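Trainee: Just a sequence and a predicted model for now, questions to come.
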Amino acid sequence: MDEASRDCHLLHVDMDAFYASVMVRERPDLWQVPVVVGGGQRGVVLSANYLARQYGVRSAMPMTRARRACPQAVVVAPDFEVLDTVSSSVMETFRRITPLVEVVSLDEAFLDVSGATRRLGSPLEIAERLRAVVHDEQGVTCSVGIAASVAVAKLASRRAKPDGVVVVPPHRVTGFLHPLDVGELWGVGEKTAAHLHRLGLHTVGDVAHLPLRTLQRAVGQALGSQLHDLAWGTDRTTLTPRRGDQEPDRSMGADETFARDTDDRETILREVLRLSARVATRMRQAQVAGRTVTLRVRFADFTTITRSRTLPEATDVTREVHQVASRLYDGLGLQRARIRLVGVRVEGLVPRATVHRQGLLGERDHGWSDADRAVDRATRRFGAAAVRPASLLG
DNA sequence: TCTGGGGTCCTAGGACCC
DNA sequence: TCTGGGGTCCTAGGACCC
């Protein structure tokens, strides 16, 4: 192994068009057909296979636009049970190579293979072997970026797509990074990219050569120093070995876009109740409670507002979450505003066991907490349809 | 019939406290 | 009688990521 590749031991593995590939694998009739994975009339594209992409279909594109771009595409709803299963198997494959695996999402992971090279060969050889195994075992392809830092490895995997490997050794990092568009950098989305373009900054090299203070004035302190580091490949972010869902959540929420915009208070508040129940149930399952309840409302014109209230003590009680959320809604004093989406989120989550509500929870409220637990038990035994608030019946 | 749903983090202003 | 300087919490909005 040469000097350069010894420091180059971080792999970013990205499954190619994961949702689409897995759904096609389940449906052999869709092989060689443009396929778009997405759902609902008002949804967006979750994934599209490469045939559909030839027509300009992209992830996160509104389904309506995708259908227009590629009318012959077959639209498939995602099956998360299958996707979860395939994803877990792939991640297990990675762990056979190294325990140092950071799962980013269903279709992405970082691997530190520095401890595996003696056994399995160079990082490049490991990457090729891993790709072959994933393909043989799961019937889907992936791409791998290899570098000395996670940020560069991630950019390299994008360059490797589809079904390839790209190695960026340390002495080639700036040469690799600087020609890229600023929008490629982690943390630069549509808005920031447009902002930087307006300032005459088009490539990563442009950003790299801007004085740090100037950059920070333009995009804010935190993002400014982050971009500066990313542009020079000096980002120090390290790989944290973990599975997808090991970190305790800081917040839990649920939101829902109505099939059609509505200004009907009853409809909206019924949805707020459903969402509150869903969130509180998940909190109880995870044995956490939270203090801040946030209501989110998106209007027909897509403007979105939030209103939040922080309670004196953390709660996981459906009725409390719902009460706060619906008061926040009424506090908006909306008249005939047409609403597209409502959401309920609880923040400031702490382990339930650390919450001691001395005297704050009166007898009646204890009753509601007990009622929740009874509902949870019934739901576990008989399913979600069996038990629900009276106002959600019918 | 443009634009989901799950999250995270940052910024900025005001309140409040020392 | 003229106005400091932090730190933390709360709220609202915005951007971003998968």
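Mentor: Noted; the coordinates are in hand.

Trainee: drop to CA atoms for contacts and neighbour counts, all remaining ones
Mentor: Noted.

Trainee: Quick one: name the residues of the stretch 201-350 of chain A near DNA strand B.
Mentor: Within reach of DNA strand B by C-alpha under 7 Å from any atom of the strand, the stretch 201-350 of chain A has these residues: A:220-223, A:248-257, A:301-302, A:341, A:343, A:345.

Trainee: Any of those residues buried? List them.
Mentor: Buried residues within those, counting neighbours by 16 or more other C-alpha atoms under 10 Å: A:Leu223, A:Ser251, A:Met252, A:Gly253, A:Ala254, A:Asp255, A:Thr257, A:Leu341, A:Gly343, A:Arg345.

Trainee: Doesn't A:Gly115 belong to a helix?
Mentor: No: per DSSP: H, G, I helix; E, B strand; the rest coil, A:Gly115 lies outside any helix segment and is coil.

Trainee: Go ahead and confirm it touches A:Thr98.
Mentor: Yes: counting by C-alpha atoms under 8 Å, A:Gly115 touches A:Thr98, with 7.3 Å between them.

Trainee: who's more crowded, these two?
Mentor: Per other C-alpha atoms under 10 Å, whichever of A:Gly115 and A:Thr98 has more neighbours is A:Thr98, with 16 against 13.

Trainee: Can you name the residues that contact that one?
Mentor: Contacts for A:Thr98 (C-alpha atoms under 8 Å, 6 or more residues apart in numbering) come out as A:Leu111, A:Asp112, A:Val113, A:Gly115, A:Ala116.

Trainee: Now that we have these, which of them are buried?
Mentor: Among the contacts of A:Thr98, those classed as buried by 16+ other C-alpha under 10 Å are A:Leu111, A:Asp112, A:Val113, A:Ala116.

Trainee: Touching, the last one and A:Ile97? I think so.
Mentor: Yes: applying C-alpha under 8 Å, one finds A:Ala116 in contact with A:Ile97, separated by 6.7 Å.

Trainee: just to revisit the earlier point, and the buried ones among the residues of the stretch 201-350 of chain A next to DNA strand B, which of them are in strands?
Mentor: The strands, defined by DSSP state E, take in A:Ser251, A:Met252, A:Gly253, A:Ala254, A:Asp255, A:Thr257, A:Leu341, A:Gly343, A:Arg345 from those.

Trainee: List the residues that contact the residue lying closest to the fifth one once chain neighbours are set aside.
Mentor: Closest residue to A:Asp255 in three dimensions, ignoring its sequence neighbours and counting by C-alpha to C-alpha, 6 or more residues apart in numbering: A:Gly343, at 3.8 Å. Remark: with contacts taken as C-alpha under 8 Å, 6+ apart, A:Gly343 is in contact with A:Gly253, A:Ala254, A:Asp255, A:Glu256, A:Val272, A:Leu275, A:Thr294, A:Leu295, A:Arg296, A:Val297.

Trainee: Backbone dihedrals for A:His55, both of them.
Mentor: Actually, residue A:55 is Tyr. It isn't His. Phi and psi for A:Tyr55, reported as degrees, to the nearest 10, are phi -100, psi 10.

Trainee: Let me fix that, I meant to ask about A:Tyr50.
Mentor: Taking degrees, to the nearest 10 as the convention, A:Tyr50 sits at phi -70, psi -30.
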